[in-house]
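1. What follows is a predicted protein model with its sequence.
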Amino acid sequence: MKVQKVTVDSEKCQGHNRCYAMAPGMFKVDELGYATPRGDGVLKTPQDVELANRAVENCPERAIDIVEDEG
Ligand code: SF4
């Protein structure tokens, strides 16, 4: 089954934590502020999708994507 996943491109991420603030619970950040999806990044609910879209729109580096993946 196809699922939607949120991803962070670590080459683009500049670590200013906006995603962490804009989509609470969806990302974790390391000590330098670089973000990665929390857990497997799978968007399970409409609220997850909404939060992920908010993060995509607010990442100044366009490092965040929503992709389709095999579940
Ligand atoms: S908002 Fe974008 S650049 Fe900033 S920490 Fe999140 S993924 Fe990285």
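-> Perfect, thanks for sending it. Numbering: from 1, shown residues only.
2. Mind checking what helix or strand follows the helix ranked longest in the chain in sequence?
-> The longest helix of the chain (DSSP state H) is helix 46-58. Note on helix 46-58: by DSSP states H and E, the next helix or strand toward the C-terminus is strand 64-70.
3. So which elements touch that next one?
-> strand 2-8, helix 46-58 (3 or more CB pairs under 8 Å, 6 or more residues apart in numbering; DSSP states H and E). Quick note: C-beta positions are derived from backbone N, CA and C, even for glycine.
4. Show me what counts as buried in the longest helix of the chain.
-> Using 16 or more other CB atoms under 10 Å as the test for burial, helix 46-58 gives D48, L51, A52, R54, A55, V56.
5. isn't the last one right up against A63?
-> Same thing as V56. No: at 9.3 Å, V56 and A63 do not qualify as touching, with contact defined as CB atoms under 8 Å.
6. Residues of the chain that sit close to the ligand?
-> 8, 13-19, 33, 35, 59, 61, 63-64 (CB under 6 Å from any ligand atom).
7. List only buried entries from those.
-> Buried members of the residues of the chain next to the ligand, counted by 16+ other CB under 10 Å: V8, C13, G15, R18, C19, A35, C59, A63, I64.
8. For the fourth one, give its distance to P24.
-> According to CB to CB, to the nearest Å, R18 stands 12 Å off from P24.
9. just the third one next, same as before
-> Applying CB to CB, the value for G15 to P24 is 18 Å.
10. now swap in D30 and tell me
-> Remark: distance between D30 and P24 (CB to CB) = 17 Å.
11. now do C13
-> 18 Å.
12. wouldn't E61 be in contact with G15 here?
-> No: E61 lies out of contact with G15 (CB under 8 Å); the separation is 9.2 Å.
13. for stretch 57-64, what is the average pLDDT?
-> Taken as a whole, stretch 57-64 carries a mean pLDDT of 97.
14. Do me a favour and get the end-to-end distance for it?
-> End-to-end distance for stretch 57-64, by CA to CA, to the nearest Å: 9 Å.
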